[in-house]
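*Asks:* Generate coordinates for the sequence data below:
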Amino acid sequence: MKSEKENKCTVEDYGFENIEKLLTMIGGKWKIQIIYHLSGNPSIRYGQLKRKIPEVSHKVLSTQLKDLEKDRLISRIEHNEIVPRVEYLLTELGSSLLPVYEVFGNWCEENKDILEMR
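*Replies:* Residues are numbered from 1 along each chain as shown. This next block holds a predicted model:
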């Protein structure tokens, strides 16, 4: 049997508003996939990322990348070459979210029956 302390939600210790802000930063249909693909690569070009997520439109992918960059979760690197090249990579801040994604993934695995009903 769990003690009262083990059952207590610690969210208010961090502040509801801050957690809501975090969920806004990483929310969105494609941001989870973008961060996932960037986590497995030191850097990735726009076209490579688009091929990994073919269902997303160019406009939405571009918008979500800009949002993640604005929130400092990813970096955009422009290479001034004859053929312009842009690469994206996770920042240290973005990489620090990977354990959170792992916890979410574990929760989803443990509760897949409930998620399948949605």
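*Asks:* In the chain, where is pLDDT below threshold?
*Replies:* Applying pLDDT under 70 to the chain flags residues 1-14.
*Asks:* change it to 80
*Replies:* Along the chain, segments meeting pLDDT under 80 span 1-16.
*Asks:* Do a quick rundown of the strands in it.
*Replies:* With DSSP state E as the criterion, the chain has strands at 44-45, 74-79, 85-90.
*Asks:* Any chance of TSV for those, columns distance to residue 106 and mean neighbour count?
*Replies:* Glycine gets a C-beta too; all of them are placed from N, C-alpha and C. Listed next are these as TSV, based on distance: least, CB to CB, whole Å; neighbours: other CB atoms under 10 Å:
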stretch	distance to residue 106	mean neighbour count
strand 44-45	25	18
strand 74-79	24	14
strand 85-90	20	17
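*Asks:* Distance to residue 35 added to the ones you listed, as JSON lines?
*Replies:* Listed next are these as JSON lines, based on distance: least, CB to CB, whole Å:
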{"stretch": "strand 44-45", "distance to residue 35": "11"}
{"stretch": "strand 74-79", "distance to residue 35": "8"}
{"stretch": "strand 85-90", "distance to residue 35": "7"}
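*Asks:* Can you give the distance of stretch 37-55 from its chain's centre?
*Replies:* Centroid separation between stretch 37-55 and its chain, computed with CA atoms, centre = their mean, to the nearest Å, is 13 Å.
*Asks:* again with stretch 65-78
*Replies:* Centre-to-centre, stretch 65-78 and its host chain are 11 Å apart (CA atoms, centre = their mean).
*Asks:* Only C-alpha atoms, please: export it in PDB.
*Replies:* This file holds the C-alpha atoms of stretch 65-78, laid out as PDB (Å, rounded to 0.1, in the frame of the first residue of the first chain):
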ATOM      1  CA  LEU A  65      10.100  24.500 -36.100                       C
ATOM      2  CA  LYS A  66       9.900  28.300 -35.600                       C
ATOM      3  CA  ASP A  67       7.900  27.800 -32.400                       C
ATOM      4  CA  LEU A  68      10.500  25.300 -31.100                       C
ATOM      5  CA  GLU A  69      13.300  27.700 -32.000                       C
ATOM      6  CA  LYS A  70      11.600  30.600 -30.300                       C
ATOM      7  CA  ASP A  71      11.200  28.500 -27.200                       C
ATOM      8  CA  ARG A  72      14.900  27.700 -27.400                       C
ATOM      9  CA  LEU A  73      14.300  23.900 -27.600                       C
ATOM     10  CA  ILE A  74      16.000  23.700 -31.100                       C
ATOM     11  CA  SER A  75      18.600  25.700 -32.900                       C
ATOM     12  CA  ARG A  76      18.500  26.600 -36.600                       C
ATOM     13  CA  ILE A  77      21.900  26.800 -38.300                       C
ATOM     14  CA  GLU A  78      22.200  28.500 -41.600                       C
END
